[in-house]
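*Asks:* Quick one, what's the 3D model for this:
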Amino acid sequence: MADGATALPGGAATAAAAPRRRNYARRYGWFIVPAGIVVLAVILFPWAFTLFMSAHEWKIGGGHHFVGLDNYRKLFTDDRFLWSIARTLYFTALAVILPMVFGVVAALVFARNFPLRGLARTIFILPMMATPVAVALVWTMMFHPQLGVLNWILTQFGIPPSMWIYDAKTVIPTLVMVEVWHWTPLVMLIVLGGLASLPIDPYEAAKIDGANAWQSFRHITWPLLLPFIVVALIIRTIDALKAFDTIYVITQGGPGTSSETINIFLYLQGFAYYNMGYASAVVVVFFLLIVSLAALLLWTRNRVKDAA
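*Replies:* Down below sits the predicted model:
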């Protein structure tokens, strides 16, 4: 009987609470309307309009007509577009792997105590503070075959001068060199933060067991640090894929089309040739490429997190 008496007020309270919850949603649900309008205007509408344009032959200043999937068919028979994908992947691979390697090494160095460590850290992260366009302008002057300081340095060591960005064979590695200089500090900061958060107990136990420095790094530091490295890898991959300003300011996709990545190809189709329908198809394909790579990286991150 006591149970029945207890259940009755509880049921009444639950029944009374339900209308209040519905009232609450009805009264305050309108507060999400402004955010919904912003999402619709800033994200959904541009994407819907991009898909609409990609299905049309659309020239700025001219008319447009429906062509269905013809722009997409044209893309995958366009050698210039296919080569831009290959250059983007090549540039991304180098611009991710090298900063990751140098950033991890720098983080391990700066994690140790040595004189003027704070000053050295500050100097090391300074390139990250500069804007990409400013960085590109400075490096463009340094890459000049006759007047650039880099070739002068090479000649001081008896090394023949290089054509740097003016040679199709060296332009992508040269642009990667700028990316490495600019963004290695970011990787270093992420990994250094991970090193600062590692527990001390495993190292003390390993020292008691007689483990040397390499064994401690291999079996303790690396597994614990791997989630931070994967985060840095994801950030660097996204940054490298969307790289535009540095490449455009330094080479504009040249010499010829030897440094024309997808972003440069897209910009030229849309704002140099005014072919907005074709450029919109490039946007859609590029978006699908980024989503695929992001899904792969997130899957890798989850696997690493589960293993840790």
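*Asks:* Tell me where the model's unsure across the protein.
*Replies:* Counting by pLDDT under 70, the chain contains low-confidence ranges at 1-25, 307-308.
*Asks:* quick one, what contacts the residue sitting nearest the centre point of it?
*Replies:* With distances taken as CA atoms, centre = their mean, Ile238 lies nearest the centre of the chain, 1.7 Å away. Contact analysis of Ile238 by CB atoms under 8 Å, 6 or more residues apart in numbering lists 290, 294. Just so you know, the C-beta spots here come from the backbone N, C-alpha and C atoms, and that holds for glycine as well.
*Asks:* The host helix or strand of it: which residues count as buried?
*Replies:* In this structure, Ile238 is located in helix 222-241 according to DSSP states H and E. Using 16 or more other CB atoms under 10 Å as the test for burial, helix 222-241 gives 224-226, 228-241.
*Asks:* ok, Met163 - how many residues close by?
*Replies:* 15 (other CB atoms under 10 Å).
*Asks:* what's it sitting at in phi/psi?
*Replies:* phi -90, psi -10 (degrees, to the nearest 10).
*Asks:* let's number from 680 now, not from 1
*Replies:* Renumbered: residue one is now 680, and that last one reads Met842.
*Asks:* Would you confirm that it contacts Pro852?
*Replies:* No. Counting by CB atoms under 8 Å, Met842 sits too far from Pro852 to count as a contact (11.8 Å).
*Asks:* Okay, Phe789 and Leu795: tell me how far apart.
*Replies:* For Phe789, the distance to Leu795 equals 11 Å [CB to CB, to the nearest Å].
*Asks:* Pro839: what secondary structure?
*Replies:* Following DSSP: H, G, I helix; E, B strand; the rest coil, we place Pro839 in the coil state.
*Asks:* which stretch of helix or strand covers the closest residue to it other than its chain neighbours?
*Replies:* The shortest distance from Pro839 to any non-neighbouring residue, by CB to CB, 6 or more residues apart in numbering, is to Leu833 (7.1 Å). According to DSSP H and E, Leu833 maps onto helix 828-835.
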